[in-house]
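> Below is the structure, and that's it, no one-letter string:
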């Protein structure tokens, strides 16, 4: 469609949150190459023909920045455990590997299928997000059902902080080690 017409080979485009490079354009169709690692780490390998996906071009230099930094570097996959849609709002509860949820904080940021969202609750192997009407209307997230899988990108700032602490404090982060390093 219109988006493909604005692309050229070599351009980047996030497809359900996974940054891909355009390999060819044919009319209104864009083609991408994906290496086995991308297919293994994301939901892209299981996409069915005709399934709707979220598409996001890169943010142009100088454009207004709203939300959090989403790079298109998928960290893993989460599974929809429950969807609460009602007068109190639209809340999606997900399960994910502990190594993903360990990098999340309540009211922090996460990208699901490339959509920047705020975390409501976070626990071991689980988290939830609330979806506003504009997000439901403009993305595929309004179609979610139990056991659907979504690409997850945790907040880059959290990744850097975790990496720094692991290197500065060693493999295991404890309250005692944080105090010794001046964090408590």
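That came through, no problem. No experiment lies behind these values; they were computed from the predicted model shown.
> which residue is nearest the centroid of the protein?
For the chain, residue 111 is the residue whose C-alpha lies nearest the centre (Cα atoms, centre = their mean; 2.9 Å).
> Give me the contacts around the longest strand anywhere in the chain.
Determined from DSSP state E, the single longest strand within the chain is strand 76-86. Strand 76-86 is contacted from outside by 41-43, 90-97, 99-100, 112, 126-127, 144-152, using Cβ atoms under 8 Å, 6 or more residues apart in numbering. For the C-beta atoms, the positions are set from N, CA and C on the backbone; glycine is no exception.
> where's the residue nearest to the centre of the chain relative to residue 55, distance?
14 Å (Cβ to Cβ, to the nearest Å).
> tell me the domain boundaries of the chain?
For the chain, automatic domain parsing gives the domain ranges 2-56, 76-155.
> Just the mean pLDDT for the last one, thanks.
With pLDDT averaged residue by residue, domain 76-155 scores 95.
> just to revisit the earlier point, would you mark the buried spots in the longest strand of the chain?
For strand 76-86, the neighbour count (16 or more other Cβ atoms under 10 Å) marks 76-78, 80-81, 83 as buried.
> And the residues you listed, which two are furthest apart?
The distance between the two most remote of the buried residues of strand 76-86 (Cβ to Cβ) is 20.1 Å, for 76 and 83.
> on that earlier part again, where's the residue nearest to the centre of the chain relative to residue 100, distance?
According to Cβ to Cβ, residue 111 and residue 100 sit 12 Å apart.
> so what's in contact with the two at the same time?
Both residue 111 and residue 100 are contacted by residue 152, under the criterion Cβ under 8 Å, 6+ apart.
> The longest strand of the chain pairs with which strands, parallel or anti?
Sheet partners assigned to strand 76-86 using DSSP bridges are listed as strand 89-95 (antiparallel), strand 149-154 (antiparallel).
> Tell me which of these sits nearest to residue 133.
strand 89-95 (8.0 Å).
> contact partners of that closest one?
Counting by Cβ under 8 Å, 6+ apart, 78-85, 112, 120, 125-132, 136, 141-142, 144, 150 sit against strand 89-95.
> try it again with 10 Å
77-85, 100-101, 110, 112, 117, 120-121, 123, 125-133, 135-136, 141-142, 144, 146, 148-150, 152 (Cβ atoms under 10 Å, 6 or more residues apart in numbering).
> ok, of the residues you listed, which come out buried?
With burial judged by 16+ other Cβ under 10 Å, the buried subset of the contacts of strand 89-95 is 77-78, 80-81, 83, 100-101, 110, 112, 117, 125-131, 135, 141, 144, 148, 150, 152.
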